[in-house]
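Chemist: just the structure for this:
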Amino acid sequence: MLGYAFQTLRARKAAFAGAFVALLCAAALVTACGALLETGLRGEIRTERYAATPVLVAGDQNVHHEERKGDKTKHKAKPLAERVWLPEGTAQLVADVPGVGAVVPELTFPAALVGHDPENSLGHAWSSAALTPFRVEEGGAPRADGDVVIDRGLAGRAGLAPGDRVTVQSTGDPAVYTVTGIATTPRGAPAEQSAVFFTDAEARRLAGHPGQDTVLGVFPADGVGAGQLADRVAEALAGTPVRVHTGDGRGPVEFLAAEQARVRLISMGGAIGGTGLLVAVLVVAGTFALTAQQRGRELALLRAVAATPRQVRRLIGREALLVGLAAGLLGALAGLPLADLLHDRFTALGAVPETLAPVRSPFPPAAALPATLLAAWAAARVSARRYARIRPAGALTGAAGIPRGVPLGRLIAGLAALAGGAVLLAVLSGLRTEPAATPVTYLTVLLLCVAVALLGPLLARAAFAVLGAPLRLSRVPGHLAAHNARAHSRRLAAVITPLTLLVALTGTVVFSQTTLGDAAERQAADGVLADWTVTSEGPGVPPGAARRLREVPGVAAVTEVVHGTVRTPGLDKYTVQGVTPDGIGATLDPGVTAGSLSRLTADGVAVSEQVADSRGLAPGDELALVLGDGTPATLTVVAVYERGLGFGDLTLAHERLAAHLDNPLADSVLVAGAEADRLTDALADLPGLAVRDGGHTAEVRATRQAANAEVAFLGMGLVLAFTAIASVNTLAMSTADRAAEFALLRRVGTTRRQVLRMLRLESLTVAATAAVFGTAICLATLTAFSSGMTGEAAPSLVPGTHLAILAAAAALAMAATAVPGRLALRAAPAS
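Modeler: So this is what the prediction gives:
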């Protein structure tokens, strides 16, 4: 049987070329996503700041939760967004461990030279320079609280030298310092950050955590190895919320964002790879079904010469395995450079930091190959069942022996898929968080497209019956196209499925982002009552700005706003904003539906309706949280509001939230009343601040959503590209196999031009049918998505964009039939 499968592939290369291309793309897609997933799981985060430090002691950066199910206890942990500072006294506890040679406390806090590297510049105490190590190569160390030392890279970019005066924006109001030295490391200037060193006393003041340290660098005494020392320190700290790190474990301590990017890569790699594999199975099943249709007489002949149904299925299965093996090997190799390209693009977009290096190993290709083989075998066996059931006696009559209509099993499966899609739509309409809703959204689209694939012949026959009337307006080509469409609805159904998937999936990916973005922007625009918004070019708006603004005549209210994330003890993650409660009614209106923001204190919290509904909260209830730096807090609900997309899941008092953020500076300050010129004059000696109109908050929200959407588009773009290739592939296969039909049409007097017009009309009919089905699936899914995420069944579909998607699908259909159609018509009609 294997030998016969080889002979079949050699004799029918063109018939299997389409399946080969689809499987090759699927293998490349799975390999690339597997490489992203592996980078998230095993990617090394290289250290810069702690390169010379053998042992690091840092706070536990995770929230832990245990679930008991019967006799089993399941432990879960999720990362915190902010730095967990070490408890007071930890340094002395570590210093008392035998074998410790030196303990160097580290302080890390925002400190930016105004106008230079505002996001990547960090402040430290000069005594911790040995952790890298930094050494002064020009000038001297800071001696007074007004002195700073900066690294060589920052000095070069800013054009600074010892003796120059600089303005530094740190955790308080900006202050002027004197550059006393330029420092460098044996490896040169750090690539991912800039360093500004202060005296120890000044660094303690700016860090804002009296008695606490960011991390501790531990150096062994003579004769003690780093591993041995780490074990001793870990034993001494057992039972405390402190962790010991060595080797590759130091990088995640330094770069918290890189550690969080690991989780994002795992999520994206799994979601994109899983979706892509499901798409591959659906598309490849259609491709093999089309191949089987083209071989109908051959398979019928096998049954006529006594081949059993099992032998026919085994033959087709082994052919698929051979095609899958060749395509899987080449696709797995092609997936590796594709993974590099993806990693580079995610890095350029800021979704993945450069400190998280990509992992390259044989595991993704090794996993992609069996996945491709399984997809090929399953798709082929499903498509083979119809032809394996041909009765030998009926097979002798040729094509008449091939079963007509839709088998009962396929009909039942299609209706079951349709019912499953309806269930997922109901589930999706009740999901209120994006991480929960996104995978269900894509799964819903795929399941509804599976229903279209299974019920395709029936749906295509009905669609072509409706579209036949306008087709016949074109005399010869239109009549031919209408007749062919109805007579060959099964063949065209296999073509409609990938186009439907392309339209539905593209529309869902694009408009799910616009639905969220438009809702968030609209809520922010409606909820900001302030006349003016003060923003900063640096790390944030200093507290002194709010004090000065409150003193300006005519100012009715000033609200400082910061943003962050918190978790619950059960590991749920929420976005949170911190606001100044005094006078908030004049600057913000998040749409309070219960309670009042006037009751917001340091011990209070306002929650969005999504959070209130999911957790059963009302004013007066208590909500347990873990703040960004790991501090537990039990707060009293004072209000419930409806504009959660525009203002976050939770709202806390500014002083409560800011104290637990790495950067306590306000993201913006909202001002009600007064004139812009007066506000600008009040802030004249605070550099880097700008007074904008109150609508700036909505603009910032829109920009942030657009950046998130770009990452989502890049990830799902692979799946969409694969779907587009599969659509073209299937259309080309369907057209290329019609050479005999075209020759017959030519022999009975149809001109070459008329045949080509017939093909174009068929392609437009197929594209129109796919547009209707795809749009219906997209609209149903987005409506459910919008109901859950925004509370309104009003998805944001951009007509121009949707028309562009439909036009692109139609163009693909036309191009995929035009080229093979012209090639098929090259032969003389008499041939």
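
Chemist: please report the distance of Asp685 from Val176.
Modeler: Asp685 is 11 Å from Val176, where distance means Cβ to Cβ, to the nearest Å. Every residue, glycine included, has its C-beta placed from N, CA and C.

Chemist: tell me the contacts of the closest residue to Ala453 other than its chain neighbours?
Modeler: What sits nearest to Ala453 in space, not counting adjacent residues and going by Cβ to Cβ, 6 or more residues apart in numbering, is Thr497, at 4.3 Å. Thr497 makes contact with Leu282, Val283, Gly286, Cys449, Val452, Ala453, Gly456, Thr730, according to Cβ atoms under 8 Å, 6 or more residues apart in numbering.

Chemist: again, only this time at 10 Å
Modeler: With contacts taken as Cβ atoms under 10 Å, 6 or more residues apart in numbering, Thr497 has the following neighbours: 282-283, 285-287, 289, 449-450, 452-454, 456, 459-460, 726-727, 730, 770, 773.

Chemist: got it, and Gly43?
Modeler: Applying Cβ under 10 Å, 6+ apart, we find Gly43 in contact with 36, 248, 251, 258-259, 261-262, 265, 343, 352, 355-359.

Chemist: helices or strands up against the one helix or strand Gly800 maps to?
Modeler: When elements are defined using DSSP states H and E, Gly800 is found to belong to helix 799-824. On a contact count with 3 or more Cβ pairs under 10 Å, 6 or more residues apart in numbering; DSSP states H and E, helix 799-824 meets helix 489-527, helix 696-736, helix 739-747, helix 752-790.

Chemist: list the buried residues for it?
Modeler: 802, 805-806, 809-810, 812-814, 816-818, 820-821, 824 (16 or more other Cβ atoms under 10 Å).

Chemist: distance to Leu338 and pLDDT added to these, as TSV?
Modeler: TSV is the format used below for the buried residues of helix 799-824 (distance: Cβ to Cβ, whole Å; pLDDT from 0 to 100):
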residue	distance to Leu338	pLDDT
His802	29	91
Ile805	24	90
Leu806	28	92
Ala809	24	87
Ala810	28	88
Leu812	21	84
Ala813	26	83
Met814	28	84
Ala816	23	80
Thr817	28	81
Ala818	29	78
Pro820	27	78
Gly821	31	76
Ala824	33	70
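
Chemist: the residues you listed into a markdown table, with extra columns for distance to Pro795?
Modeler: Listed next are the buried residues of helix 799-824 as a markdown table, based on distance: Cβ to Cβ, whole Å:
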| residue | distance to Pro795 |
| --- | --- |
| His802 | 11 |
| Ile805 | 14 |
| Leu806 | 16 |
| Ala809 | 19 |
| Ala810 | 23 |
| Leu812 | 24 |
| Ala813 | 26 |
| Met814 | 29 |
| Ala816 | 30 |
| Thr817 | 32 |
| Ala818 | 34 |
| Pro820 | 37 |
| Gly821 | 37 |
| Ala824 | 42 |
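
Chemist: now the angle from the lengthiest strand in the chain to helix 696-736?
Modeler: Ranked by number of residues, the top strand in the chain under DSSP state E is strand 555-567. Computed by axes from the mean of the first three to the mean of the last three Cα atoms, to 10 degrees, the angle separating strand 555-567 from helix 696-736 equals 50 degrees.

Chemist: which SSE is immediately downstream of strand 555-567?
Modeler: Using DSSP H and E, the helix or strand that follows strand 555-567 towards the C-terminus is strand 573-579.

Chemist: what does the domain assignment say about this structure?
Modeler: The domain map for the chain lists 55-255, 529-694, with the assignment taken from automatic domain parsing.

Chemist: looking at the ones you listed, which is buried most?
Modeler: Burial among the domains of the chain, expressed as mean neighbours by mean count of other Cβ atoms under 10 Å, is greatest for domain 529-694, which shows a mean of 20.

Chemist: what about it, average pLDDT?
Modeler: Taken as a whole, domain 529-694 carries a mean pLDDT of 93.

Chemist: could I get the helix or strand encompassing Ala624 in CSV with only the CA atoms?
Modeler: Element membership of Ala624 [criterion: DSSP H and E] is strand 622-626. Output of strand 622-626 as CSV, limited to C-alpha atoms (Å, rounded to 0.1, in the frame of the first residue of the first chain):
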residue,chain,number,x,y,z
GLU,A,622,-14.8,44.6,51.4
LEU,A,623,-12.4,43.7,48.6
ALA,A,624,-9.0,42.0,49.4
LEU,A,625,-6.2,43.1,47.0
VAL,A,626,-2.5,42.6,46.6
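
Chemist: packing partners for it?
Modeler: Taking 3+ Cβ pairs under 10 Å, 6+ apart as contact, the helices and strands that strand 622-626 lies on are strand 62-69, strand 555-567, strand 573-579, strand 604-608, helix 609-615, strand 632-641, strand 650-653.

Chemist: picking that back up, for Ala721, find the nearest of the domains of the chain.
Modeler: Proximity to Ala721 (Cβ to Cβ) singles out domain 529-694 among those, at 29.9 Å.

Chemist: how long is the closest one end to end?
Modeler: When the termini of domain 529-694 are compared using Cα to Cα, to the nearest Å, they are 7 Å apart.

Chemist: same question, stretch 94-111
Modeler: Stretch 94-111 stretches 28 Å from its first residue to its last (Cα to Cα).

Chemist: show me how far that stretch is from its chain's centre.
Modeler: Taking Cα atoms, centre = their mean, to the nearest Å, one finds the center of stretch 94-111 at 38 Å from the center of the full chain.

Chemist: please work out the average pLDDT along it.
Modeler: Per-residue confidence for stretch 94-111 averages out to 95 on the pLDDT scale.

Chemist: just the closest of the contacts of Gly43 to Thr47, please.
Modeler: Of all the contacts of Gly43, the one with the least separation from Thr47 (Cβ to Cβ) is Gly251, at 4.5 Å.

Chemist: for Leu154, state which of the buried residues of helix 799-824 is nearest.
Modeler: Closest to Leu154 out of the buried residues of helix 799-824 is Ile805 (46.4 Å), distances taken as Cβ to Cβ.

Chemist: would you agree the closest one is in contact with Leu502?
Modeler: Yes. Judged on Cβ atoms under 10 Å, Ile805 makes contact with Leu502 at a distance of 8.4 Å.

Chemist: any shared contact partners between those two?
Modeler: Leu720, Gly774.

Chemist: now, of the contacts of Gly43, which are buried?
Modeler: Going by neighbour count (16+ other Cβ under 10 Å), the contacts of Gly43 have 36, 251, 258-259, 261-262, 265, 343, 352, 355-356, 358-359 buried.

Chemist: would you turn those into CSV with pLDDT, distance to Asp677 and secondary structure?
Modeler: Putting the buried ones among the contacts of Gly43 into CSV (pLDDT from 0 to 100; distance: Cβ to Cβ, whole Å; DSSP: H, G, I helix; E, B strand; the rest coil) gives the following:
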residue, pLDDT, distance to Asp677, secondary structure
Leu36, 87, 51, helix
Gly251, 91, 49, helix
Ala258, 82, 44, helix
Glu259, 77, 46, helix
Ala261, 82, 43, helix
Arg262, 82, 48, helix
Leu265, 83, 48, helix
His343, 85, 49, helix
Val352, 80, 44, coil
Thr355, 80, 44, coil
Leu356, 83, 46, strand
Pro358, 86, 52, coil
Val359, 86, 56, coil
